[in-house]
Each structure stands twice: as C-alpha cells, then as structure tokens.
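Here's my sequence, what's the structure:
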Amino acid sequence: MHSLILASSSRYRQAQLANLGIHADTHAPNIDETPLDKETALELALRLAAEKAREVAPLYPDHLVIGADQVAVIEHEEGDQLLGKPGNMDNAVDQLRRCAGKQVVFYSAVSVCRHTTRQQITDHEVTRVHFRPLTDTEIRRYVETEKPFDCAGSFKCEGRGVLLFDAIDSRDPNALIGLPVMLLRDIVSQFDTDLLAMATAQ
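Here you go, the predicted structure:
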C-alpha cells in the first residue's frame, strides 16, 4: 500500500478524495497547459494528466503521484469547440448559452506515477452531458448564484449545476467533478494499492 500525492491545485479533486476518507497530500505541478497544434481534446487531457504526474513524482519517489486533467468540448460537424474555465461572469454566461440544448463531452484523464519504479499508467473516462434548453434568465440566475468561474463548462455538477442537465451518460458520475474515482481505483490496484481499504481504514 502506497501513500498518495495529488499533483493538483484543484480544491474539487482534493475534496473528492477527502469525502471518501482518503488522505492525499497535494503538490501543484508547474506545466504549460497550452494545447498542441492539431491535438484532440482527448489527447490534450491524457498528455496533461501524465505530465502533471511526471513533473511532481521525482519529489515523492516512493509515493503514488496522481495527475488529472479534464477537457470539455461541444461537438460540431465543423470541429469541436473546447470549453475552458470561464474566469468571469460574461464568459460563463456565453459558455452556457453555447451549451444549452446541446451535448457536451468531458474527457477526464488520470495518470498515476511511481518514480522509483518508473511505472506510469494513464487512462480516461468519457462523460456526455445533455444540457436542457436554457433561457438567458435561467443562465444568468444560475451563474450569479453559483459563480462557476473556475469550472470548465461553467457549472458545478455537485451543486445546482445538475439542474441544467437533461441527462448524464458516464460509467462514473464522479468523473464530471474532475477526478474519475472508479478509474483511479482500478489504476492504483495495479500498484498494489487498494483504494477501498484506504477509504475504510479505521
């Protein structure tokens, strides 16, 4: 059983593990998250998750270092539209206008790295969110209430954001928050680490 380090500054991912009763120290990575030319949304999520874990792993050589990244896109025939973190009110309103009545795909990648063995496993979950048709009044009331300025897609599904959806298609609804916990469980098991045992330890 190995101790965990979360290579992330995301308070949402930290809270996901804490809510399961799993302790993980955190260390924010310092990497360039700019998409590469012609890089798909999935490729971007996988690359960034892996780079985050690799960047932090040498600092904690005997730990399991977890990198995670999430990229959201509105799928269009003419090309996918990436949805970043809105950062402010106007951008959040604009994002939700574009999402309203459409399907948005979230690629949630996880990478686990152990520096001493040079072992690294990276995988992902896909979540499809079907948004309700939304009026401008509904969008503005939601954004003003929840202020989802640091969330790709401009919503918090663990909060009131779930009321914006018609349906969510995913193996693991946790993935939409930012850390696909079931996938993480499967990956760390390959490092002889049992996430359920950690979550239920007295």
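
in stretch 181-192, what counts as buried?
181, 183-185, 187-188 (16 or more other CB atoms under 10 Å). (Each C-beta comes from the backbone N, C-alpha and C, glycine too.)

roughly how far is it from the heart of the chain?
Remark: stretch 181-192 is offset 16 Å from the chain centroid, using CA atoms, centre = their mean, to the nearest Å.

I'd like the average pLDDT over that stretch.
Mean pLDDT, computed over stretch 181-192, is 97.

cool, stretch 12-19 as well?
Per-residue scores along stretch 12-19 average to 91.

buried residues in it?
Buried, per 16+ other CB under 10 Å, within stretch 12-19: 13-14, 16-17.

on that earlier part again, in helices, which of the buried residues of stretch 181-192 fall?
181, 183-185, 187-188 (DSSP state H).

now, among the residues you listed, which is nearest to residue 54?
Nearest to residue 54, judged by CB to CB, of these is residue 187 at 14.9 Å.

so where is the protein shaky, pLDDT-wise?
Low-confidence segments of the chain, defined by pLDDT under 70: 1, 76-79, 202.

longest helix of the protein?
helix 41-56.

Just the residues contacting it, thanks.
Residues from elsewhere that reach helix 41-56 (CB atoms under 8 Å, 6 or more residues apart in numbering): 5, 7-8, 27, 29-31, 33, 35-36, 39, 65-73, 80, 82, 105, 107-113, 120, 122, 124.

Okay, and which of those residues map to strands?
Applying DSSP state E to those, the entries found in strands are 5, 7, 65-73, 82, 105, 107-113, 120, 122, 124.

Now which of those residues would you call buried?
Counted by 16+ other CB under 10 Å, the ones in strands among the contacts of helix 41-56 give 5, 7, 65-73, 105, 107-113, 120, 122, 124 as buried.

For the residue most central in space within the chain, what are phi and psi?
Nearest residue to the geometric centre of the chain (CA atoms, centre = their mean): residue 178, 2.4 Å. Dihedral pair for residue 178: phi 140, psi -20, per degrees, to the nearest 10.
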